[in-house]
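sequence below, structure please.
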Amino acid sequence: MSHFSRIKTSITDLEVLQQTLKDLEFEYSIDKPQLKDANGNLEYVDLFAKKNTKNIIGFLWNGKEYTFISDFELWQNHYKLNPNILIERILQQYSINSIIKTTSKEGFNTVKKLQLKDGSIKLVAQRWN
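All right, here's what the predicted structure looks like:
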């Protein structure tokens, strides 16, 4: 039976989350967002992300961090998406964007971003005095 699943995250920065979703080619909205599961139940969230006009994941702010909310069964059965892979990609890109934002505030410029064979990302930043 289809239902909403919730996954706690360490995502805390809305601006970085929005950039992450853009980088991964999601559309997102913070204007009265809601998700619908396969049974037609609605879940209100603070931000939802969609791909190909399908609202597939929501983010709910709990006062400290965002929680993923989605109907993972619907992903697998109807959209043919693996939720674990998608969540990993979002978290990885969020981490990269957080590092870039923080290092930029410290005066560094990102000069190289490489995807390694194992799927990890190598960032090279430099700062001129």
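
quick one: the helices in this structure?
For the chain, applying DSSP state H gives helices covering 14-23, 72-74, 83-105.

dump those into a markdown table; add distance to residue 125 as well.
(Glycine included, C-beta is placed from N, CA and C.) Converted to a markdown table, the helices of the chain look like this (distance: least, CB to CB, whole Å):
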| stretch | distance to residue 125 |
| --- | --- |
| helix 14-23 | 16 |
| helix 72-74 | 35 |
| helix 83-105 | 5 |
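
ranking those by burial, who's on top?
For those, the largest average neighbour count (mean count of other CB atoms under 10 Å) is found in helix 72-74, namely a mean of 20.

now do that one, average pLDDT.
Across helix 72-74, pLDDT averages out at 75.

list the helices and strands that helix packs on?
Here helix 72-74 touches no other helix or strand, going by 3 or more CB pairs under 8 Å, 6 or more residues apart in numbering; DSSP states H and E.

off-centre distance for it?
Between the mean C-alpha location of helix 72-74 and the chain-wide mean there is a distance of 17 Å, by CA atoms, centre = their mean, to the nearest Å.

could you list the buried residues of stretch 38-55?
43, 45, 46, 47, 48, 49, 50, 51, 55 (16 or more other CB atoms under 10 Å).

list the contacts of it.
Applying CB atoms under 8 Å, 6 or more residues apart in numbering, the set of residues contacting stretch 38-55 from outside is 1-4, 14, 17-18, 21, 25-30, 33-37, 56-61, 66, 69, 71, 73-74, 77-79.
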